[in-house]
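Peer 1: here's a sequence, model it:
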Amino acid sequence: MKKNLFLTSVLIAIFSFALNAQTIVDFESLTVPADGYYNGSTDYSGSGNQETFTYSENGASFYVNYTNTGTYDYWSAFAYSDQTDLTTADWTNYSAYANPAGGADASSNYVIAYTFTGDSVIFDNLVHIDSVKITNSVWAYHYMNGSDGSGSGTYGADDYFKLSITGISDSGSYTGTVDFYLADFTNGNSYIIDNWTNVNLSDLGNVKGLKFYLSALDTWTPYYFCMDNLTYSDAVSVKNIDNEIVSVYPNPVKDIIHITKALNSNITVSDISGKVIFSKNNCSEIERINLSGKSDGVYFVTVQSNNTTLTKKIIKVSR
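Peer 2: Alright, predicted model coming up:
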């Protein structure tokens, strides 16, 4: 995993006027205890039932709450791990379900989060949030597909396990929420996430923090998820597109995207995963891009010209 990559594919739903270096919070600088995970227990002083410990990575601060009642202990919020056990289906397993096992992009370290009411990550400065990679914990995965030994958690019609990620502005207000389904058996869907998956957070814009909240129809679902490669850029100024700059229309679009005032610019179109499906340099004043053969969904049109980058989210529909 590389840090400070030059921004080559901007998946944002607002318009920024400078190319920004990206920072990736990959947790590789953290020292994992011999047990293969950190949940605060190794720093616990014994002075109270619950103690909160914080740690930082590349400008982002996380915390973990460790509680010891004298009879039993537990933790919540953001632990971190390098475990690779894909089979043990209970609370003792701090592993991410992924292939290959371990962190995103074949790395070692990652966060395993346990949250009910919502826990927050805070950045040192106001940043423009870009994306994060998410997968299930091993215990949650085996519970949902019925392979945890009990079978009682086998997911079926109408079941879901959802992670909601909410942006927090520098004033403390919310900038929006992105929902990501760790499992979805609603509306004809039938899947459980079984590998690191990139989640685009650019709709949240400039943030000082992120709040993570889990929900499920089956409330016995183990409320864990795993996180890696939290990516952000410098906070950007925002300006709505208007006729004096560039016009991208219609939106939603069925077949043809029209782009005006694009003379000598470079244009790319990317899908929601970041894959570039169209690219053209030194464009004409007016460009037309045919999406008729593409699947319905969200696409990002990026226009680069004179050190300025404008990006617009386009929704493609079949009718």
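Peer 1: just the buried residues of stretch 113-126, please?
Peer 2: Under the neighbour-count criterion of 16 or more other Cβ atoms under 10 Å, stretch 113-126 has 113, 114, 115, 119, 120, 121, 122, 123 buried. Using the backbone N, CA and C atoms, a C-beta is placed for each residue, glycine as well.
Peer 1: end to end, how far does it reach?
Peer 2: Separation of the first and last residues of stretch 113-126 by Cα to Cα, to the nearest Å is 23 Å.
Peer 1: what's in contact with that stretch?
Peer 2: Outside of stretch 113-126, the residues within contact range by Cβ atoms under 8 Å, 6 or more residues apart in numbering are 56, 59-63, 75-79, 166, 168, 170, 206-214, 223-227, 230, 232, 235.
Peer 1: contacts only, for the residue positioned nearest the centre of the chain.
Peer 2: The C-alpha lying nearest the average C-alpha coordinate of the chain belongs to residue 132 (Cα atoms, centre = their mean; 2.9 Å). When contacts are counted by Cβ under 8 Å, 6+ apart, residue 132 touches 165, 198, 199, 201, 227, 228, 229, 230, 231.
Peer 1: the fifth one belongs to a strand?
Peer 2: Yes: when classified by DSSP: H, G, I helix; E, B strand; the rest coil, residue 227 is found to be part of a strand.
Peer 1: residue 34 versus the nearest residue to residue 85 once chain neighbours are set aside, what's the distance?
Peer 2: Counting by Cβ to Cβ, 6 or more residues apart in numbering, residue 85 lies nearest to residue 95, which is 4.6 Å off, once chain neighbours are set aside. As defined by Cβ to Cβ, to the nearest Å, residue 95 lies at a distance of 16 Å from residue 34.
Peer 1: thinking again about what came up before, let's have the contacts of residue 132 in a markdown table, adding pLDDT, neighbour count and distance to residue 265.
Peer 2: Listed next are the contacts of residue 132 as a markdown table, based on pLDDT from 0 to 100; neighbours: other Cβ atoms under 10 Å; distance: Cβ to Cβ, whole Å:
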| residue | pLDDT | neighbour count | distance to residue 265 |
| --- | --- | --- | --- |
| 165 | 95 | 21 | 32 |
| 198 | 95 | 17 | 26 |
| 199 | 95 | 16 | 29 |
| 201 | 93 | 24 | 26 |
| 227 | 98 | 28 | 36 |
| 228 | 98 | 26 | 34 |
| 229 | 97 | 20 | 30 |
| 230 | 97 | 26 | 31 |
| 231 | 96 | 22 | 25 |
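Peer 1: sorry, back to before: of residue 95 and residue 34, who's got more company?
Peer 2: Taking other Cβ atoms under 10 Å, residue 95 and residue 34 do not tie; residue 95 has more neighbours (24 against 6).
Peer 1: torsion angles phi and psi at the more buried one?
Peer 2: Taking degrees, to the nearest 10, you get phi -100, psi 150 for the backbone angles of residue 95.
Peer 1: select the longest strand from this protein.
Peer 2: Among all segments of the chain classified by DSSP state E, the strand with the greatest residue count is strand 119-136.
Peer 1: next SSE after it?
Peer 2: Toward the C-terminus, strand 119-136 is succeeded by helix 138-144 as the next helix or strand (DSSP states H and E).
Peer 1: elements contacting that following helix?
Peer 2: If contacts are counted by 3 or more Cβ pairs under 8 Å, 6 or more residues apart in numbering; DSSP states H and E, helix 138-144 sits against strand 224-234.
Peer 1: what angle do the strand it packs on and strand 119-136 make?
Peer 2: 110 degrees (axes from the mean of the first three to the mean of the last three Cα atoms, to 10 degrees).
Peer 1: centre of the chain to strand 224-234, how far?
Peer 2: Relative to the centre of its chain, strand 224-234 is centred 6 Å away, using Cα atoms, centre = their mean, to the nearest Å.
Peer 1: same deal with stretch 303-318?
Peer 2: Its chain's average C-alpha position is 21 Å from that of stretch 303-318, according to Cα atoms, centre = their mean.
Peer 1: start to end distance for that stretch?
Peer 2: Chord length of stretch 303-318, first to last residue, is 24 Å (Cα to Cα).
Peer 1: about what we covered before: please work out the average pLDDT along the longest strand of the chain.
Peer 2: Mean pLDDT, taken over the full extent of strand 119-136, equals 95.
Peer 1: noted, bye for now.
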